[in-house]
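Asker: Sharing a sequence plus its predicted fold:
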Amino acid sequence: MFVAMNRFRVAADREADFEQMWKERESYLSDVPGFVQFALLRGDNAGDYISHSVWQDRDAFLAWMRSDAFVRGHAQGSLAGVLEGAPLVGLYQAIIVEDKERRTLDESAPEPHRTMKLPGH
């Protein structure tokens, strides 16, 4: 399992606008190979949000970033004036995954401190 998160700092009094933009946008994720789940999370502190996506593996995430679905999903309006700066990206390889039914240890995960350059960065 691979997790990608973007942390957003939303401008004061723009939280409702930010949430509405996400509610109205088309995600194009449901047909993307390797996509598992998406959540938009609101923090306890004003203006603190995280987009959280779960992928089958790193390769599925990277393939999505190069896909037409990614381009269409990110071409749906601007967050200019809503955000206080660019989102902070966090990419994570799952080492332990546990739910009510089982606990899985991923022994195939890459070694720690692996650096990965994102397309376009």
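Answerer: Great, that's in hand. Just so we're clear, the structure is a prediction, and the values are computed from it rather than from any experiment.

Asker: list the contacts for residue 43?
Answerer: Residue 43 is in contact with 49, 50, counting by Cβ atoms under 8 Å, 6 or more residues apart in numbering. Using the backbone N, CA and C atoms, a C-beta is placed for each residue, glycine as well.

Asker: hmm, try it at 10 Å
Answerer: 7, 8, 9, 10, 49, 50 (Cβ atoms under 10 Å, 6 or more residues apart in numbering).

Asker: now, which of those lie within strands?
Answerer: If you go by DSSP state E, the contacts of residue 43 have 7, 8, 9, 49, 50 in strands.

Asker: Most neighbours among those residues, which one is it?
Answerer: residue 8 (22 neighbours; other Cβ atoms under 10 Å).

Asker: Now the lengthiest helix in the chain: buried residues?
Answerer: When every helix of the chain is counted residue by residue (DSSP state H), the longest turns out to be helix 15-24. For helix 15-24, the neighbour count (16 or more other Cβ atoms under 10 Å) marks 15, 18 as buried.
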